[in-house]
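Asks: sequence plus predicted model, see below.
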Amino acid sequence: MGSGALTLICLTTLGVGLTAAPAQAANGIPGVRMTVCADSLYVRTDPGGAWMGTLSYPQTFDVKSVSGDWVYGFAYGNVNRNGWVQNGWFC
């Protein structure tokens, strides 16, 4: 099992709410409206905080700041508000 598969299993076990993304998934870039490449990416009130919506490909997220493994910004699509998502699920 490759490290990518192991990471996905660990994230799923932790309840992060992510599913497989294309191999070219990228980190968020502040100031850039990015496309979500995950089938399911939870938008939260704080890093690891309460769930407030879900984004999926090809919805977009306007990255305002990056803090470690988390990205803050505006979640377009069915969420339409500011929140936090786990970094690394953009294309």
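Replies: Here it is on my side, so go on. All of these numbers come straight from a predicted model, not from anything done at the bench.
Asks: in stretch 48-62, what counts as buried?
Replies: For stretch 48-62, burial by neighbour count (16 or more other CB atoms under 10 Å) applies to Gly53, Thr54, Leu55, Tyr57, Gln59, Thr60, Phe61, Asp62. (Each C-beta comes from the backbone N, C-alpha and C, glycine too.)
Asks: got it, and stretch 74-87?
Replies: Neighbour-count burial for stretch 74-87 flags Phe74, Ala75, Tyr76, Val79, Gly83, Trp84, Val85, Gln86, Asn87 (criterion: 16+ other CB under 10 Å).
Asks: which residues sit against that stretch?
Replies: 11, 16, 18, 27-28, 33, 36, 41-47, 49, 52-56, 59-62, 64, 66, 68-73 (CB atoms under 8 Å, 6 or more residues apart in numbering).
Asks: using PDB, write out every CA atom in it.
Replies: In PDB, the C-alpha atoms belonging to stretch 74-87 read as follows (Å, rounded to 0.1, in the frame of the first residue of the first chain):
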ATOM      1  CA  PHE A  74     -15.000  31.600   1.100                       C
ATOM      2  CA  ALA A  75     -16.700  28.400   0.100                       C
ATOM      3  CA  TYR A  76     -18.800  28.900  -3.100                       C
ATOM      4  CA  GLY A  77     -21.300  26.400  -4.300                       C
ATOM      5  CA  ASN A  78     -23.900  25.100  -1.900                       C
ATOM      6  CA  VAL A  79     -22.000  26.500   1.200                       C
ATOM      7  CA  ASN A  80     -21.600  30.200   0.300                       C
ATOM      8  CA  ARG A  81     -19.900  31.400   3.400                       C
ATOM      9  CA  ASN A  82     -16.500  31.700   5.000                       C
ATOM     10  CA  GLY A  83     -15.000  28.600   6.600                       C
ATOM     11  CA  TRP A  84     -12.000  26.300   6.900                       C
ATOM     12  CA  VAL A  85     -11.200  23.300   4.800                       C
ATOM     13  CA  GLN A  86      -8.300  20.800   5.000                       C
ATOM     14  CA  ASN A  87      -5.500  21.800   2.600                       C
END
